[in-house]
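*Asks:* just coords:
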């Protein structure tokens, strides 16, 4: 027996175009390759190889399949031999597992496949399924689409059990496959009754389970098959068997909450869409996504429950070194309704505006005013720390720490120790440049004034918060001077302190500006910088705001810009020059 994950690895690594091209003269046509069919002996180019789906198809004789099917149909191999031959070509070693022979789970696969066919026929033909057909029409899903997707209907009563027994399936197999349930009194009933049936496939496109949607009032709204020898809901993703090729091509996966969201987005033209199976995203499901794409866009509902599910899924994906973005839906919308009303253009616009999962958390906390007070900042950090800790990629984690330190007004080294308590409590020594190369800024001017003694030290402490100092060494010196405790400075900050003392003595003799002018100019500069951060925050909020909120935010931005320009008329010019590499400020 060849492990399923190895079979999938071999299938993904195979170059189907090259393998088929050894037997068929193929020519590229758009994204596909065409040639004469090797099965019915055609001379026209009715035979297509579709790399993005990993399959071939003849439009005349309708032969179709993947690379293994091609070897089986063309060269007469059995399935294990076809897998081994493909593995040999791509350089993958097949580990042998257990004794050779038929798969003991085959009766379960057969039972579930038979049930899928029977459910599909009920949806097409059974009078009782009228409710399901009307429901699909109300959701703008045609019967043709339902047939292609394999949707079905499970009726009430014992009809399912009678039909399966009539087809030769034993009751014990139906119970083991999760299709029947046994009550305490010993009676056996179909698990799915009066439900619209969504088939669930494994990565080899075999039906292994079902998710049934209740069409009447009652609970649960969705009912999944239980875990069985062929199905573990925490290890599969709905639609991945189809979406995996599109995911690899797009280099991203779109993760939604439910089957109808997947169905609607695929009908709209987005093929790289998958969903968990009725539970929160598991580590195994995140690992599946990590094998197929470097990025995941979360497209969940924007209500409170949807946001909680979004951030839980985001943290799990970050643990698997994936890049995670969040697409924000308009209030009251879900992916299904948005796709029905706005089509592909509306969805594409939402996806293009997706922002990093941590940035989305910060955005929500800012809107709720968490960063306006010290207790609020502490609560905000408690909400942000799990996402920072989840980031397994070291670069992503460092970027997250820097961003949160900036927005929460805490030192980066302190936050690093909070994220990882095992980290050393002392900051490693980093040599400073020569004193003349210390950053020239308003921060430096204020420290020089403080070193001049009273009353300037008190004036600076009263006017400026420690968070306004962006250069870490300057912030440490400010806090030490404010507390009259320069002896507590670490080695890096102590060297900055000594350099500033030398500059303070030189400035006292050389400057032609009064201390009052220096103080006023420096305070105005820092205030202008604070206002600029507020403007940048508004710029991030505007694209996601309602029309009324946009107007209010635009007026607030205009007011802040006028206040900033009054504090420092040349601020915008100097900032532009600084970003382009001009020295100093």
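*Replies:* Nice, I can see it. Remember, it's a predicted structure, so these values are computed and weren't measured experimentally.
*Asks:* Mind telling me what element residue 285 is part of?
*Replies:* With secondary structure defined by DSSP states H and E, residue 285 is part of helix 283-292.
*Asks:* List the pairing partners of the helix or strand that that helix is followed by within its sheet, with orientation.
*Replies:* Scanning forward in sequence from helix 283-292 by DSSP H and E, the next helix or strand is strand 295-298. Applying DSSP bridges, strand 295-298 is found paired with strand 253-255 (parallel), strand 323-326 (parallel).
*Asks:* Report the mean confidence score over the helix holding residue 285.
*Replies:* Confidence over helix 283-292 (mean pLDDT, whole number) is 91.
*Asks:* quick revisit: using TSV, lay out the strands paired with strand 295-298 together with distance to residue 48 and mean pLDDT.
*Replies:* For glycine as for every other residue, the C-beta is placed from the backbone atoms N, C-alpha and C. Supplementary listing: the strands paired with strand 295-298 in TSV, determined by distance: least, CB to CB, whole Å; pLDDT from 0 to 100:
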stretch	distance to residue 48	mean pLDDT
strand 253-255	26	97
strand 323-326	34	96
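*Asks:* Out of these, which one sits most buried?
*Replies:* Among those, the stretch with the highest mean neighbour count (mean count of other CB atoms under 10 Å) is strand 253-255, at a mean of 28.
*Asks:* and after that strand, which helix or strand comes next?
*Replies:* Helices and strands here follow DSSP H and E; after strand 253-255, the next one along the chain is helix 259-268.
*Asks:* picking that back up, export the strands paired with strand 295-298 to TSV and tack on distance to residue 51?
*Replies:* Below are the strands paired with strand 295-298 laid out as TSV (distance: least, CB to CB, whole Å):
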stretch	distance to residue 51
strand 253-255	19
strand 323-326	25
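*Asks:* Need the residues that contact the helix holding residue 285.
*Replies:* Applying CB atoms under 8 Å, 6 or more residues apart in numbering, the contact partners of helix 283-292 are 232, 234-237, 240, 244, 247-248, 253, 255, 274, 276, 296, 316-317, 319-322.
*Asks:* In helices, which of those residues fall?
*Replies:* Judged by DSSP state H, the subset of those located in helices is 240, 244, 247, 248, 316, 317.
*Asks:* now, the most widely separated pair of the residues you listed?
*Replies:* Set against one another by CB to CB, those have their most distant pair in 248 and 316, with a gap of 20.8 Å.
*Asks:* more neighbours, these two?
*Replies:* residue 316 (20 against 17; other CB atoms under 10 Å).
*Asks:* Run the chain-centre distance for the helix or strand harbouring residue 341.
*Replies:* Secondary structure assignment for residue 341, by DSSP H and E: helix 335-352. In terms of CA atoms, centre = their mean, to the nearest Å, the gap separating the centre of helix 335-352 from the centre of its chain is 18 Å.
*Asks:* what about stretch 18-37, start to end distance?
*Replies:* Stretch 18-37 has an end-to-end distance of 16 Å (CA to CA, to the nearest Å).
*Asks:* Run through who's touching that stretch.
*Replies:* The contact list for stretch 18-37, computed with CB under 8 Å, 6+ apart, reads 17, 38, 42-52, 56, 58, 60-61, 63, 67, 70-71, 74, 86, 89.
*Asks:* Repeat that for stretch 194-202.
*Replies:* Outside of stretch 194-202, the residues that reach it under the criterion CB under 8 Å, 6+ apart are 4, 116, 119, 123, 131-132, 135-136, 149-156, 207-216, 223-225, 230-231, 233, 236, 238, 241-242, 259, 277.
*Asks:* right, and residue 119 touches residue 159 too?
*Replies:* No: distance between residue 119 and residue 159: 11.1 Å, which falls outside the contact criterion (CB atoms under 8 Å).
*Asks:* Neighbour count for these two, which is higher?
*Replies:* For residue 119 against residue 159, the residue with the higher neighbour count under other CB under 10 Å is residue 119, and the figures read 27 against 16.
*Asks:* what mean pLDDT does stretch 338-348 have?
*Replies:* 90.
*Asks:* on that earlier part again, restrict the contacts of stretch 194-202 to the buried ones and give me that as a PyMOL selection.
*Replies:* Selecting in PyMOL just the buried members of these, where the criterion is 16 or more other CB atoms under 10 Å, is done with this command:
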select buried, resi 116+119+123+132+136+149+150+151+152+153+154+155+207+208+209+210+211+212+213+214+215+223+224+225+230+231+233+236+238+241+242+259+277
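*Asks:* ok, residue 535 - how many residues close by?
*Replies:* Every residue meeting other CB under 10 Å relative to residue 535 is counted, giving 17.
*Asks:* Regarding it, what are the backbone dihedral angles?
*Replies:* Geometry field for residue 535 lists phi and psi as phi -70, psi -40, criterion degrees, to the nearest 10.
*Asks:* any idea which helix or strand of the chain has the worst average confidence?
*Replies:* Taking mean pLDDT, DSSP states H and E as the measure, helix 571-579 is the helix or strand of the chain with the lowest mean score, a mean of 48.
*Asks:* can you list the weak-confidence ranges in the chain?
*Replies:* By pLDDT under 70, the low-scoring segments of the chain are 1, 96-101, 423-440, 487-488, 491, 504-513, 567-585.
*Asks:* Give me the buried subset of the contacts of helix 283-292.
*Replies:* For those, buried by 16+ other CB under 10 Å: 232, 235-237, 240, 244, 247-248, 253, 255, 274, 276, 296, 316-317, 319-320, 322.
*Asks:* Helices of the stretch 401-550 of the chain, residue ranges please.
*Replies:* Residue ranges of the helices in the stretch 401-550 of the chain, as given by DSSP state H, counting those that start in this stretch, are 412-419, 442-451, 456-463, 472-482, 491-510, 515-541, 547-567.
*Asks:* which one of the ones you listed lies closest to residue 193?
*Replies:* Nearest to residue 193, of all those, is helix 547-567, at 46.7 Å by CB to CB.
*Asks:* okay but residue 442 is in contact with residue 519, surely?
*Replies:* No: proximity of residue 442 to residue 519 does not meet the contact threshold set by CB under 8 Å, at 10.0 Å.
*Asks:* So the two - more neighbours on which side?
*Replies:* For residue 442 and residue 519, the more surrounded residue by other CB under 10 Å is residue 442, and the numbers stand at 23 against 19.
*Asks:* mind listing what's buried in stretch 376-387?
*Replies:* 377, 380, 381, 384, 387.
*Asks:* Where helices are concerned, which of those count?
*Replies:* Applying DSSP H to those, the entries found in helices are 377, 380, 381, 384, 387.
*Asks:* Just give me the closest of these to residue 80.
*Replies:* For those, the minimum distance to residue 80 (CB to CB) is 44.7 Å, reached by residue 387.
*Asks:* doesn't residue 360 make contact with the closest one?
*Replies:* No: distance between residue 387 and residue 360: 9.7 Å, which falls outside the contact criterion (CB under 8 Å).
*Asks:* Which neighbours do the two have in common?
*Replies:* In terms of CB under 8 Å, 6+ apart, residue 387 and residue 360 are not both contacted by any residue.
*Asks:* Now stretch 472-484: buried residues?
*Replies:* Taking 16+ other CB under 10 Å as the neighbour-count basis, stretch 472-484 is seen to contain the buried residues 472, 473, 474, 475, 476, 477, 478, 479, 480, 481.
*Asks:* nearest spatial neighbour of the second one, skipping sequence neighbours?
*Replies:* When you say that, I think you mean residue 473. Of all residues beyond its chain neighbours, the one nearest residue 473 is residue 496 (4.0 Å), with distances taken as CB to CB, 6 or more residues apart in numbering.
*Asks:* And for that neighbour, the neighbour number?
*Replies:* Residues near residue 496, counting by other CB under 10 Å, number 22.
*Asks:* Equivalent analysis for residue 67, please.
*Replies:* When neighbours are defined as other CB under 10 Å, residue 67 has 26 of them.
*Asks:* same deal with the one 5 residues further on?
*Replies:* Neighbourhood size, residue 72 [other CB under 10 Å]: 17.
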